[in-house]
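# what follows is a predicted protein model with its sequence.
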Amino acid sequence: GAGVSQSPRYKVAKRGQDVALRCDPISGHVSLFWYQQALGQGPEFLTYFQNEAQLDKSGLPSDRFFAERPEGSVSTLKIQRTQQEDSAVYLCASSPRLAGSVSSGNTIYFGEGSWLTVV
Amino acid sequence: SQQGEEDPQALSIQEGENATMNCSYKTSINNLQWYRQNSGRGLVHLILIRSNEREKHSGRLRVTLDTSKKSSSLLITASRAADTASYFCAETSGSRLTFGEGTQLTVNP
């Protein structure tokens, strides 16, 4: 497809369950980002990949959160032993350039998000 | 944690009116970006203003930046019902965007 694709769009998980969220970035995009957006809030940075390398994971809220991008294209965000406070929209974004160029105005393209509800 | 702060948090206007949203930020910036998010959708980049610019236009959008006050404003002129959405400013720092909490704009037909 032409845009960033995320799946599943909606996920209801029971507390304690593990979940995996998938992101298909725009083909050829070097940079990939994950953001978490709680209801009524702005997105918060989770992690950044340059190709297959995870260069910044400082935003991951706990060691229950894990992200990978093994072949430098598709990425998976995994949340282990989900808790109610994990309920949020998880947004993936990609960019054709290196992330440092975000500061110089490189546009990043967001997917429509995966809505996670933990009950 | 969020650094940018938008105000108002919610704005309701009639079609044809202008909408002004403000954003304050805390760090030194290279640029500041504005994004739009329709309900249940992803974010769409609207406009970027660099730290050495004071004003920028794009169609019905006008963005201003005051680095001395660390604030920016987004003006949407001649609003339309289709402009109903949440609007976020975002500071750029290294590899990440830091978003504010957004302004929910409702344009009534």
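Thanks, I have the structure now.

# what's the first helix or strand after the lowest-mean-pLDDT helix or strand in chain B?
Lowest mean confidence among the helices and strands of chain B (mean pLDDT, DSSP states H and E): strand B:5-7, at a mean of 75. Counting by DSSP states H and E, the next helix or strand C-terminal to strand B:5-7 is strand B:10-14.

# show me what counts as buried in that following strand.
Across strand B:10-14, burial judged by 16 or more other Cβ atoms under 10 Å in any protein chain shown covers B:11, B:13. Every residue, glycine included, has its C-beta placed from N, CA and C.

# can you list the helices and strands that that strand packs against?
If you count contacts as 3 or more Cβ pairs under 8 Å, 6 or more residues apart in numbering or on different chains; DSSP states H and E, strand B:10-14 packs onto strand B:19-24, strand B:103-108.

# then that strand to CSV, C-alphas only?
In CSV, the C-alpha atoms belonging to strand B:10-14 read as follows (Å, rounded to 0.1, in the frame of the first residue of the first chain):
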residue,chain,number,x,y,z
ALA,B,10,-11.2,22.7,23.0
LEU,B,11,-12.6,25.2,20.5
SER,B,12,-16.0,25.3,18.9
ILE,B,13,-16.8,27.7,16.1
GLN,B,14,-19.1,28.2,13.2
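
# what pairs with that strand, parallel or antiparallel?
Paired with strand B:10-14 in the same sheet, following DSSP bridges, are strand B:103-108 (parallel).

# for the strand it pairs with, what is the average pLDDT?
On average, the pLDDT along strand B:103-108 is 96.

# over to stretch A:70-88?
In this model, stretch A:70-88 carries a mean pLDDT of 97.

# which residues sit against that stretch?
Residues outside stretch A:70-88 that contact it (Cβ atoms under 8 Å, 6 or more residues apart in numbering or on different chains) are A:13-25, A:27, A:32, A:34, A:36-39, A:46-47, A:49, A:51-52, A:64-69, A:90, A:92, A:116-119.

# drop anything exposed from these.
Buried residues within the contacts of stretch A:70-88, defined by neighbour count using 16+ other Cβ under 10 Å: A:13, A:19, A:21, A:23-25, A:32, A:34, A:36-37, A:46-47, A:49, A:65-67, A:69, A:90, A:92, A:116, A:118.

# contacting chain B as well, which ones from the residues you listed?
Residues of the buried ones among the contacts of stretch A:70-88 in contact with chain B (Cβ under 8 Å from any Cβ of the partner chain): none.

# would you mind listing what in chain B touches chain A?
Residues of chain B that fall close to chain A, judged by Cβ under 8 Å from any Cβ: B:1-2, B:4, B:30-31, B:33, B:40-45, B:48, B:50, B:88, B:90, B:92-102.

# what are the ranges of the strands in chain A?
Counting by DSSP state E, the segments of chain A that form strands are A:5-7, A:10-13, A:19-24, A:31-37, A:44-50, A:53-56, A:65-68, A:75-79, A:88-95, A:109-110, A:114-118.
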